[in-house]
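[1] only geometry, no sequence info:
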Ligand SMILES: [Mn+2]
């Protein structure tokens, strides 16, 4: 078997990234086809992918996405968001040679803290976020406590070696996101969200990546995040239900790590 991150035995030149699909097959397939049209060699999905509780809708979503990826001869790897069935995901074995979780032939999960390199640039996956709508959800059915990063997972940032690009679901701060207004949510949920962003920020300040890509906020934007010890270019992608599909996807040059589309 070839490694899912190096399916053709070489590093990808163009990496397609996509934001939240929430298990919507129409959105997912449209985004995949758009990335195919841009020449993406692989897709990295930024969470709230749609690995949801095991029902017909989830199975259909996973089957549709697998089929269109197979037809396009493309692999998709993804970081977990908050809206995934984390209990079911965590039960899946981590594949021994690759360190990834296999969902289907062309779909693989990137465990939190997982690192890999393309063109000598190191990537690190860091899923998770806090659900501000948690109080409307049912534990084990539509909400899972494993959605947030643990202390041990945050400490993965301290592993030796530099990281050039972080792929996350949550952002290091919402201060950079235009039009952010969380005030409709209960204060304790906003506090928990902010605390989770601080965990991402801790990892950013430890590994000092040159770029960070994330989803979760359903907003496409770019900004420079400046902190005491460095600076990281942050790109947020919108969800699949955004006004235009190009708010949901971006293609980046795997050498420079910056967007080309
Ligand atoms: Mn989310």
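    That came in fine, so what should we check first? If you're wondering where the values come from, they're calculated on a predicted model, not measured in any experiment.
[2] measure whatever residue of the stretch 151-261 of the chain ends up closest to the ion to residue 56 for me?
    Residue nearest to the ion within the stretch 151-261 of the chain (C-beta to the ion): residue 216, separated by 3.9 Å. (C-beta placed from N, C-alpha, C; glycine too.) As judged by C-beta to C-beta, to the nearest Å, residue 216 and residue 56 stand 26 Å apart.
[3] the two: who's more crowded?
    A direct count of neighbours by other C-beta atoms under 10 Å for residue 216 and residue 56 places residue 216 higher, at 29 against 7.
[4] any idea how far the longest helix out of those in the chain is from the chain center?
    Secondary structure of the chain per DSSP state H: the longest helix is helix 187-207. Offset of helix 187-207 from its chain centre (C-alpha atoms, centre = their mean, to the nearest Å): 16 Å.
[5] same deal with stretch 252-261?
    For stretch 252-261, the distance to the chain centre is 17 Å (C-alpha atoms, centre = their mean).
[6] sorry, back to before: in the longest helix of the chain, what counts as buried?
    For helix 187-207, burial by neighbour count (16 or more other C-beta atoms under 10 Å) applies to 189-190, 192-193, 196-197, 199-207.
[7] am I right that residue 231 falls within a helix?
    No - applying DSSP: H, G, I helix; E, B strand; the rest coil, one finds residue 231 to be strand, outside a helix.
[8] show the pLDDT at it.
    Among the per-residue scores, residue 231 shows a pLDDT of 98.
[9] surely it meets residue 211?
    No - using C-beta atoms under 8 Å, residue 231 makes no contact with residue 211, being 10.4 Å away.
[10] of the two, who's got more company?
    A count of neighbours by other C-beta under 10 Å puts residue 211 above the other of residue 231 and residue 211, at 20 against 11.
[11] and that one, how close does it get to residue 39?
    20 Å.
[12] burial of residue 42, as a residue count?
    There are 24 residues near residue 42, going by other C-beta under 10 Å.
[13] quick check: closest non-adjacent residue to it.
    residue 12 (4.6 Å; C-beta to C-beta, 6 or more residues apart in numbering).
[14] tell me the confidence at the one you found?
    Reported pLDDT for residue 12: 97.
[15] same check, this time on the one 5 residues further on
    With respect to pLDDT, residue 17 scores 98.
[16] ditto for residue 261
    At residue 261, pLDDT is 69.
[17] which residues touch the residue lying closest to residue 46 once chain neighbours are set aside?
    Closest residue to residue 46 apart from its sequence neighbours, by C-beta to C-beta, 6+ apart: residue 215 at 3.8 Å. Contact analysis of residue 215 by C-beta atoms under 8 Å, 6 or more residues apart in numbering lists 19, 20, 46, 47, 48, 81, 169, 236, 237, 239.
[18] narrow these to those in strands?
    The members of those that map onto strands under DSSP state E are residue 236.
[19] how near is residue 102 to the ion?
    Residue 102 sits 23 Å away from the ion, going by C-beta to the ion, to the nearest Å.
[20] alright, I will stop here.
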